[in-house]
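Colleague: here are the coordinates; sequence isn't available:
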């Protein structure tokens, strides 16, 4: 069965029970694989953060307490951020169909995760990571004040956690067949057809872009919409005819976040990194990654009818803030080198252990 997943065959045998389960959005007992991917990222991020926290003298129980506060609020922030872009057109549609008062009720239900009209579905059908980042940053600041942590050290500690969470979480998009890119090989908007045949799209995806076959197979979808610009102040959308293979932007972003993690683990023990730098570097890295990924995303949210993708605008702001943060820490705040802080804490721990040992010997 596993050999089949990696075989050079672009059709999926949906009669195979294992194959059908593997590509299904559902894990078991109604639990979505998207949720499994998110929680995997959270768990891995927690263990990585606590491991680095031990070197920084941060108690892992305090990290867990803060995580239980920050995580749900960050998810809520991601939902609200998404609704800021999607809620206005949704509200207008509800109002046109059901009137003002029902529209208000339906948009509230939609925001908290219900399918507002039929009420047969419950789940957050749209999250925007930028909102989660903003809320998480605010709550980390609050937790640092509450627990009396050094803010710059904590930001350095949790920076890889964001990358781990996003790296694993993006695989939920794979199982949901969402947040993907444009048609492989491009689209002829005049004739409303793909530039490549279905077989050529698959070959391009696997041979040119080196996408593993088991991923490429699930990028074969039917009648996906795409945005093609603003005409007379109105956003215009078209629909792909028939089946096509689409770029797995989740994979591109996941791999780029993995590269960011490698850079983190390489740089964290060098003398060029000062306390707090990793927060700025994360903002710069992910801002650049998301800015370029958005060029081929087909499900982007837009700033009104301007044709400007809100994620790209936010990414530019992230890069600017990241640069300013590093400059502030280097020339104004003049934070210590990260390795010096680790060495200082290590010596303090060794000194405390030595005193305890001598005290035990004298007794």
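Modeller: Noted; the coordinates are in hand. None of these values were measured; they are calculated from a predicted model.
Colleague: if I look at residue 94, how far off is residue 304?
Modeller: Going from residue 94 to residue 304 by C-beta to C-beta, to the nearest Å gives 19 Å. C-beta coordinates here come from the backbone N, C-alpha and C atoms, glycine included.
Colleague: which residues in the chain form strands?
Modeller: 187-188, 193-194, 220-222, 225-231, 234-239, 243-245 (DSSP state E).
Colleague: Run me through the strand neighbours of the second one, direction for each.
Modeller: By that I understand strand 193-194. Using DSSP bridges, the strands paired with strand 193-194 are strand 187-188 (antiparallel).
Colleague: Show me how far the strand it pairs with is from its chain's centre.
Modeller: Computed by C-alpha atoms, centre = their mean, to the nearest Å, the chain-centroid distance of strand 187-188 equals 29 Å.
Colleague: One more: stretch 289-305?
Modeller: That offset, for stretch 289-305, works out to 14 Å (C-alpha atoms, centre = their mean).
Colleague: tell me which residues in that stretch are buried?
Modeller: By 16 or more other C-beta atoms under 10 Å, the buried positions in stretch 289-305 come out as 289-291, 293-294, 296-298, 300-302.
Colleague: a markdown table for those, including pLDDT and distance to residue 168?
Modeller: Formatted as a markdown table, the buried residues of stretch 289-305 follow (pLDDT from 0 to 100; distance: C-beta to C-beta, whole Å):
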| residue | pLDDT | distance to residue 168 |
| --- | --- | --- |
| 289 | 96 | 16 |
| 290 | 95 | 17 |
| 291 | 96 | 22 |
| 293 | 95 | 17 |
| 294 | 93 | 21 |
| 296 | 90 | 22 |
| 297 | 89 | 19 |
| 298 | 84 | 23 |
| 300 | 81 | 22 |
| 301 | 79 | 23 |
| 302 | 81 | 28 |
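Colleague: Which of those sits closest to residue 186?
Modeller: Nearest to residue 186, judged by C-beta to C-beta, of the buried residues of stretch 289-305 is residue 296 at 10.5 Å.
Colleague: so what's the residue nearest to residue 301 when sequence neighbours are not counted up against?
Modeller: Leaving aside its sequence neighbours, residue 301 sits nearest to residue 85 (C-beta to C-beta, 6 or more residues apart in numbering; 3.2 Å). Residues in contact with residue 85 (C-beta atoms under 8 Å, 6 or more residues apart in numbering) are 128, 301-303, 310.
Colleague: nearest to residue 215, of those residues?
Modeller: Proximity of these to residue 215 (C-beta to C-beta) peaks at residue 128, which lies at 23.7 Å.
Colleague: and the residue lying closest to residue 87 once chain neighbours are set aside, how many neighbours does it have?
Modeller: Distance criterion C-beta to C-beta, 6+ apart; nearest residue to residue 87, sequence neighbours excluded, is residue 107 at 6.0 Å. Neighbour count for residue 107, taken as other C-beta atoms under 10 Å: 19.
Colleague: One more: residue 249?
Modeller: Residues contacting residue 249 under the criterion other C-beta under 10 Å number 22.
Colleague: where does it land on pLDDT?
Modeller: Looking at residue 249, its pLDDT is 95.
Colleague: what's the burial count for the nearest residue to it once chain neighbours are set aside?
Modeller: Take residue 249 and drop its neighbours on the chain: the residue closest to it by C-beta to C-beta, 6+ apart is residue 181, 4.3 Å away. Residues contacting residue 181 under the criterion other C-beta under 10 Å number 21.
Colleague: Thought residue 250 was touching residue 181, still the case?
Modeller: No - applying C-beta atoms under 8 Å as the test, residue 181 and residue 250 come out as separate, 9.1 Å apart.
Colleague: Report the contact partners of the residue nearest the centre of the chain.
Modeller: Using C-alpha atoms, centre = their mean, the residue of the chain that lies closest to the mean C-alpha position is residue 166, 3.5 Å off. Contacts for residue 166 (C-beta under 8 Å, 6+ apart) come out as 41, 129, 253-254, 257, 286.
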